[in-house]
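[1] Predicted model and sequence below, questions to follow.
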Amino acid sequence: MPLAPWRRRALLAFALALFAACGGSSTQQSGSSSTRSDVAPYVVSTIPVPSTLAPVDVAVLATFNEVLDPSSVDSATFTLLDPAGFALAGTIGCNGNLAVFTPALPLQGGTTYRASISTAARDLAGDAMAQPYTWSFTTEPAADLVPPVVDSTLPANGTVGVPTSTTVQITFSKPVDPSSVNGSTILLDAGSGPVAGAVTLSGAVATFTPAAPLAAAQVYAATATTGVRDLAGNHLQASEHFTFTTH
């Protein structure tokens, strides 16, 4: 079965980091004389870098100053916690001076995670880390795929006795793209044709101001079309229609 794109990217990141780690630790692996028994292992660098934005398919890497004992790096040693403090499932690997945590699933967007390596991690001579190493990073914001909807209108649908001097307001569920709110997407009709007027926008509220007072005792129909879209480009899923009657 083909690997999912996010897992392919995670494995590629692991492979590149592993290549660098193997090259960097070749001197230590070449013979027992290069093993330092008087130096405790410590983290030199990480991916993601602390306090930076990371993709949701990131593999979490920690590079040490020396080769680690692979048996000392496991799910109890290397953890990744969500904001609630729960440990995420994943695969932990160690090769040379590189420890890798690959989450079982993509992370949540716009979320801060905390990675931690405990003092159980040790080098080939049995020297343990002097203190645990913890760092945090935040994933990139999740894509906004939620379309806007009309929350309310003024006048409300079916209102009678509306003053002829009224403006028409449409409040959306979220801020919308100003370029999508205009005389083609916010309409007022008297039955005999469109009413002339100006359309303005303030955040999530679109306002239609008639060019002249409305006719008395007249039913008007207002519409917000599917041309209205939010700041992420999501359009109204259906046109919103409502009517009111002037005094």
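    Thanks, I have it.
[2] For residue 105, give its distance to residue 57.
    10 Å (Cβ to Cβ, to the nearest Å). In short, each C-beta sits where N, CA and C put it, glycine included.
[3] With neighbour numbers in mind, choose between these two.
    Set residue 105 next to residue 57 and count neighbours by other Cβ atoms under 10 Å: residue 57 wins out with 19 against 13.
[4] Mind listing what's buried along stretch 75-90?
    Buried positions in stretch 75-90, judged by neighbour count with 16 or more other Cβ atoms under 10 Å: 77-81, 88, 90.
[5] what does stretch 87-106 give?
    Using 16+ other Cβ under 10 Å as the test for burial, stretch 87-106 gives 88, 90, 92-103, 106.
[6] Just name the closest of those residues to residue 186, please.
    Checking these against residue 186 with Cβ to Cβ, the nearest one is residue 106 at 38.7 Å.
[7] quick one, what contacts the nearest residue to the closest one once chain neighbours are set aside?
    With Cβ to Cβ, 6 or more residues apart in numbering as the criterion, residue 106 has its nearest non-adjacent residue at 4.5 Å, and that residue is residue 56. Residue 56 sits next to 6, 106-109, 139-140, 142 when contact means Cβ atoms under 8 Å, 6 or more residues apart in numbering.
[8] what's the spacing between residue 124 and residue 92?
    According to Cβ to Cβ, residue 124 and residue 92 sit 18 Å apart.
[9] Oops, could you answer that again for residue 179 instead?
    Noted for residue 179: a distance of 49 Å to residue 92, by Cβ to Cβ.
[10] do the same with residue 213
    Taking Cβ to Cβ, one finds residue 213 at 72 Å from residue 92.
[11] same check, this time on residue 110
    25 Å.
[12] With residue 177 instead?
    Look at residue 177 and residue 92: by Cβ to Cβ, they are 44 Å apart.
[13] got it, and residue 139?
    20 Å.
[14] re the thing from before, what about the buried residues of stretch 87-106, which are in helices?
    Secondary structure from DSSP state H places none of the buried residues of stretch 87-106 in helices.
[15] Now, these that are in strands?
    The strands, defined by DSSP state E, take in 90, 92-95, 98-103 from the buried residues of stretch 87-106.
[16] And the closest residue to residue 77 other than its chain neighbours, its phi and psi?
    Ranked by Cβ to Cβ, 6+ apart and with sequence neighbours excluded, the top spatial neighbour of residue 77 is residue 120, at 4.6 Å. Taking degrees, to the nearest 10, you get phi -70, psi -20 for the backbone angles of residue 120.
[17] Identify the residues contacting residue 120.
    72, 76-77, 128-129.
[18] Now tabulate the residues you listed in a markdown table and tack on distance to residue 48 and secondary structure.
    Listed next are the contacts of residue 120 as a markdown table, based on distance: Cβ to Cβ, whole Å; DSSP: H, G, I helix; E, B strand; the rest coil:
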| residue | distance to residue 48 | secondary structure |
| --- | --- | --- |
| 72 | 23 | helix |
| 76 | 22 | coil |
| 77 | 19 | coil |
| 128 | 25 | strand |
| 129 | 20 | coil |
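[19] Now pLDDT and distance to residue 208 too, for those residues, in JSON lines please.
    As requested, the contacts of residue 120 are exported to JSON lines (pLDDT from 0 to 100; distance: Cβ to Cβ, whole Å):
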{"residue": "72", "pLDDT": "97", "distance to residue 208": "69"}
{"residue": "76", "pLDDT": "95", "distance to residue 208": "63"}
{"residue": "77", "pLDDT": "97", "distance to residue 208": "63"}
{"residue": "128", "pLDDT": "96", "distance to residue 208": "70"}
{"residue": "129", "pLDDT": "97", "distance to residue 208": "66"}
